[in-house]
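>>> everything below, folded, please.
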Amino acid sequence: MREYMVDVGTLQLSVRDHPGGSPPIMALHGLASNARWWDLVAARLSPRWRVLAPDLRGHGRSDRPEAGYSFAEVAGDLGGLCDAAGLDRVIVAGHSWGASVALWFAAASPERVIGCVCVDGGAAAMREHFSTWAEAEERLRPPRISGITAASVREWAKGGPLAEGGDPEAGAEILLGNFEAGEDGTLRPRLQMDHHMEIARRLYELDSFELMARVECPVLFIPARGGPWPAEEKARGLQRAQEVLGTRAQTAWVDGGHDLPVQRPAEVAKAMVGFAGSLGARQGA
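Got it, this is the predicted structure:
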């Protein structure tokens, strides 16, 4: 795996590039997360497939512009990454908010995206879950974290759900990618609060099913049976997605919590292998 910076036109993205074959998979993390969220899945997909996992703008080691956190702008960065990396046709995968970014990119670049994978995200209508933005804003605002250390983050990760994938050390290092050192030696989130809330507002306003109607490629949904959103609510969203996408929609439920790429990497990778293999056959790969 190589990690490097890529000039995508308006800013630079940090990319974790796991070597492999075609079609390449572009893997997107969720809100306030980082590219390492895909490390354990990528290790199971590479070297059969090349996996490029960027820190999306404002996150990880990528640039943090003061504005520009709409879906169109975040997805535009991905087009610049494809151009810079010489990627012609890709599979785009995303977790949580990253799933919605993946769908947006697929809708905006149908000539480039041959398949889309949405891991515990993408098939939801947040405005139906929260009656107003004020309610959503209160629920979606992250706690203000202060005084934490790398050691405390490691202890939490090792004793929490991120350790369920069988590699607690890796889970801790993945989680630490969400933070950076402050001036006093403690940690602070890499994503600024105002940027976090701008993204949350865009997610609240998104009509996921109208977006899906503009997606032309096959879509694999990998929902978690656990997590903060009830499985029954996810099932209703997936039924609506099926109605919009028809036979292009596939679903593979996985037992686990919301952070499936870290908690259940083997199961996520297995579902993606079958999906990517079928796309390769259709493309003549």
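
>>> for the chain, which segments count as helices?
Per DSSP state H, the chain carries helices over the ranges 39-45, 71-85, 97-108, 126-129, 133-140, 150-159, 168-176, 193-205, 208-212, 231-245, 260-263, 265-283.

>>> just the residues contacting the third one, thanks.
Helix 97-108 has contacts (C-beta atoms under 8 Å, 6 or more residues apart in numbering) with 27-31, 33, 56, 71-72, 74-75, 78-79, 92-94, 113, 116-122, 199, 203, 206, 208, 211-212, 214-217, 219. All C-beta atoms are positioned from the backbone trio N, CA, C, and that covers glycine.

>>> and the first one, by the same measure?
Around helix 39-45, the neighbours that count as contacts under C-beta under 8 Å, 6+ apart are 1, 16, 18, 20, 25, 27, 51, 53, 165, 167, 170, 174, 261-262, 265-266, 268-269, 272-273, 276.

>>> just to revisit the earlier point, filter the contacts of helix 97-108 down to the buried ones.
27-31, 33, 56, 71, 74-75, 78-79, 92-94, 113, 116-122, 199, 203, 206, 208, 211-212, 215, 217, 219 (16 or more other C-beta atoms under 10 Å).

>>> distance of Arg112 relative to Leu87?
Counting by C-beta to C-beta, to the nearest Å, the gap between Arg112 and Leu87 amounts to 8 Å.

>>> what is the burial count for Pro218?
When neighbours are defined as other C-beta atoms under 10 Å, Pro218 has 20 of them.

>>> how about the helices of the chain, which one is nearest Val6?
Nearest to Val6 among these is helix 71-85 (5.0 Å), distances taken as C-beta to C-beta.

>>> tell me the helices and strands packed up against that closest one.
Applying 3 or more C-beta pairs under 8 Å, 6 or more residues apart in numbering; DSSP states H and E, we find helix 71-85 packed against strand 2-7, strand 12-18, strand 25-28, strand 51-54, helix 97-108.

>>> can these go into JSON lines with extra columns for distance to Leu245?
Converted to JSON lines, these look like this (distance: least, C-beta to C-beta, whole Å):
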{"stretch": "strand 2-7", "distance to Leu245": "31"}
{"stretch": "strand 12-18", "distance to Leu245": "28"}
{"stretch": "strand 25-28", "distance to Leu245": "19"}
{"stretch": "strand 51-54", "distance to Leu245": "24"}
{"stretch": "helix 97-108", "distance to Leu245": "10"}
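
>>> to Arg64, which of those lies closest?
Comparing the helices and strands packed on helix 71-85 by C-beta to C-beta, strand 12-18 comes nearest, at 10.5 Å.

>>> just want the angle from the closest one to strand 2-7.
Here the directions of strand 12-18 and strand 2-7 differ by 150 degrees (axes from the mean of the first three to the mean of the last three C-alpha atoms, to 10 degrees).

>>> for strand 12-18, which outside residues touch it?
Strand 12-18 is contacted from outside by 1-6, 35-36, 38-39, 42-43, 45-46, 50-57, 60-63, 77, 81, 85, using C-beta under 8 Å, 6+ apart.

>>> skipping adjacent residues, who's closest to Ile222 in space?
Spatially, and ignoring its direct neighbours in sequence, Ile222 is nearest to Val119 (4.7 Å; C-beta to C-beta, 6 or more residues apart in numbering).

>>> now swap in Ile199 and tell me
Tyr69 (5.1 Å).

>>> so for that neighbour, what's the pLDDT?
The model reports Tyr69 with a pLDDT of 97.

>>> tally of neighbours for it?
Considering only other C-beta under 10 Å, Tyr69 is surrounded by 21 other residues.

>>> what about it, distance to Pro143?
Taking C-beta to C-beta as the measure, Tyr69 falls 20 Å from Pro143.

>>> what does Val51 give?
The value you get for Val51 to Pro143, if C-beta to C-beta is used, is 31 Å.

>>> now swap in Ala213 and tell me
Taking C-beta to C-beta, one finds Ala213 at 36 Å from Pro143.
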